[in-house]
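1. Next comes the sequence, and after it the predicted model I'd like to discuss.
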Amino acid sequence: MQPNELNLLLSPYFWAAAFVVFMVVELSTTGAIAGFMGLGALATAFLVEFQIVESIQGVLLGWLVSTVVLAGILWVPLKRRYAGRDTTDAEEGIEPFTNDFGTVEEAPLTASGGMIRLHGARMRAVLSADSEITQVEIGGRVQVVRQDDDQRFVVIPAP
């Protein structure tokens, strides 16, 4: 870079523009590196504007340090917020589709299995052992009671 081009690094507008560019990159890609670099660029814009750093080396060091410090400060809260939960539905006692109604899709549904249509999707199901009947014919309505260990819906004939 030429000396005049390096002086561009001493402009807070350059760093504000760098912030915008890094944020666009961050929003269009996965990961968080560009976001932290963008936040470092924003912090550097303030460092340059308020003349806390006045040399090119100081500006570049300020950008590097602010990027690393902000990444260190924000990493854990951001990871906690966007990482999702640490438990499964079963561990939290959530039983999806319980008490929902479906229709037997193919072959009679028995205690050994069959297919039902539930909310527009085909799903595996078994007739509950507590049921008074042994099978439900195609087109028959059933109600979901729970899921078994094989992730099949345990159903009873709909009232």
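-> The structure has been received and is ready for your questions.
2. Residue 103: what secondary structure?
-> With DSSP: H, G, I helix; E, B strand; the rest coil as the basis, residue 103 sits in strand.
3. what about it, neighbour count?
-> 16 (other C-beta atoms under 10 Å). In this view, the C-beta of every residue, glycine as well, is placed from N, C-alpha and C.
4. same deal with residue 31?
-> Residue 31 has 9 nearby residues by other C-beta under 10 Å.
5. remind me, longest helix of the protein?
-> Determined from DSSP state H, the single longest helix within the chain is helix 56-82.
6. which strands and helices sit next to that one?
-> On a contact count with 3 or more C-beta pairs under 8 Å, 6 or more residues apart in numbering; DSSP states H and E, helix 56-82 meets helix 33-49.
7. Name the surrounding residues that touch the helix it packs on.
-> Outside helix 33-49, the residues that touch it by C-beta atoms under 8 Å, 6 or more residues apart in numbering are 10-16, 18-23, 25-26, 52-53, 59, 62-64, 66-68, 70-71, 74.
8. re earlier: mean confidence score for the longest helix of the chain?
-> Averaging the model's pLDDT scores along helix 56-82 yields 92.
9. again, but for stretch 117-129
-> On average, stretch 117-129 scores 92.
10. and that stretch, C-alpha only, in CSV?
-> Extracted in CSV, the C-alpha atoms of stretch 117-129 (Å, rounded to 0.1, in the frame of the first residue of the first chain):
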residue,chain,number,x,y,z
ARG,A,117,-51.9,-39.9,8.5
LEU,A,118,-51.4,-37.3,11.2
HIS,A,119,-51.4,-33.6,10.3
GLY,A,120,-50.8,-34.4,6.6
ALA,A,121,-47.8,-36.7,7.2
ARG,A,122,-47.6,-40.5,7.2
MET,A,123,-46.3,-41.9,10.5
ARG,A,124,-45.8,-45.2,12.0
ALA,A,125,-48.2,-46.2,14.7
VAL,A,126,-49.3,-49.2,16.9
LEU,A,127,-52.7,-49.9,18.4
SER,A,128,-52.5,-49.6,22.2
ALA,A,129,-52.5,-52.9,24.1
